[in-house]
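Engineer: Predicted coordinates and the sequence they were generated for:
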Amino acid sequence: MSEVLAANDTWIAGPLRDLLAEGRKTGAFAIDGITDAANAVLGGLLLAVLGRSMAGADATDATFRHQLTEQMIRGILTR
């Protein structure tokens with residue numbers, strides 16, 4: 001499990017934290033704690049994909065991916 005978590009941090013969570021930090025720096029994202037925001041985004045994505053899969057729907061559907069991406073971005077954008 002530690003190898004999986006390390007790979008996640010290297011390839012997914014780490015780059016997401018970098019992106020969120022840059023977005024906060026430029027004023028594009030309204031977030032306080034970068035790590036907490038990254039975990040919230042990843043958790044939301046995971047639950048959305050798992051929920052869709054459990055319902056027997058296609059989690060790779062382009063419309064679903066687009067809508068999910070838009071929803072996640074709206075959750076952190078500044079107004």
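Structural biologist: In hand now; what should we look at?

Engineer: alpha carbons only for contacts and neighbour counts from here, please
Structural biologist: OK.

Engineer: Quick one: the helices in this structure, in order.
Structural biologist: Here the chain has its helices, by DSSP state H, at 2-8, 14-26, 34-54, 62-74.

Engineer: Please render the ones you listed as CSV that adds mean neighbour count and mean pLDDT to the earlier fields.
Structural biologist: Shown next, in CSV, are these (neighbours: other Cα atoms under 10 Å; pLDDT from 0 to 100):
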stretch, mean neighbour count, mean pLDDT
helix 2-8, 11, 92
helix 14-26, 16, 96
helix 34-54, 15, 95
helix 62-74, 13, 95
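
Engineer: For the residue of the chain most remote from its centre, which residues are in contact?
Structural biologist: For the chain, the residue at maximal distance from the C-alpha centroid (Cα atoms, centre = their mean) is Gly56, at 22.1 Å. Contact partners of Gly56, counting by Cα atoms under 8 Å, 6 or more residues apart in numbering, are absent.

Engineer: Pull up the gap between it and Asp32, please.
Structural biologist: Going from Gly56 to Asp32 by Cα to Cα, to the nearest Å gives 36 Å.

Engineer: Please apply the same query to Arg65.
Structural biologist: Relative to Asp32, and taking Cα to Cα, Arg65 is found at 26 Å.

Engineer: again with Val41
Structural biologist: From Val41 to Asp32 the distance is 13 Å (Cα to Cα).

Engineer: cool, Leu50 as well?
Structural biologist: Using Cα to Cα, Leu50 is found at 27 Å from Asp32.

Engineer: And Gln71, by the same measure?
Structural biologist: 19 Å.

Engineer: Isn't Ala59 up against Leu47?
Structural biologist: No. Using Cα atoms under 8 Å as the test, Ala59 is too far from Leu47 to be in contact (11.1 Å).

Engineer: Convert stretch 15-30 to PDB, retaining C-alpha atoms only.
Structural biologist: Extracted C-alpha coordinates of stretch 15-30, given in PDB (Å, rounded to 0.1, in the frame of the first residue of the first chain):
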ATOM      1  CA  PRO A  15       1.300  17.700  -9.500                       C
ATOM      2  CA  LEU A  16      -2.200  18.600  -8.400                       C
ATOM      3  CA  ARG A  17      -0.800  20.500  -5.400                       C
ATOM      4  CA  ASP A  18       1.600  22.300  -7.700                       C
ATOM      5  CA  LEU A  19      -1.200  23.300 -10.000                       C
ATOM      6  CA  LEU A  20      -3.400  24.500  -7.100                       C
ATOM      7  CA  ALA A  21      -0.500  26.500  -5.600                       C
ATOM      8  CA  GLU A  22       0.100  28.200  -8.900                       C
ATOM      9  CA  GLY A  23      -3.600  28.900  -9.300                       C
ATOM     10  CA  ARG A  24      -3.800  30.400  -5.800                       C
ATOM     11  CA  LYS A  25      -0.700  32.500  -6.500                       C
ATOM     12  CA  THR A  26      -2.300  34.000  -9.600                       C
ATOM     13  CA  GLY A  27      -5.600  34.500  -7.900                       C
ATOM     14  CA  ALA A  28      -7.500  32.000 -10.100                       C
ATOM     15  CA  PHE A  29      -8.300  29.600  -7.300                       C
ATOM     16  CA  ALA A  30      -9.900  30.500  -4.000                       C
END
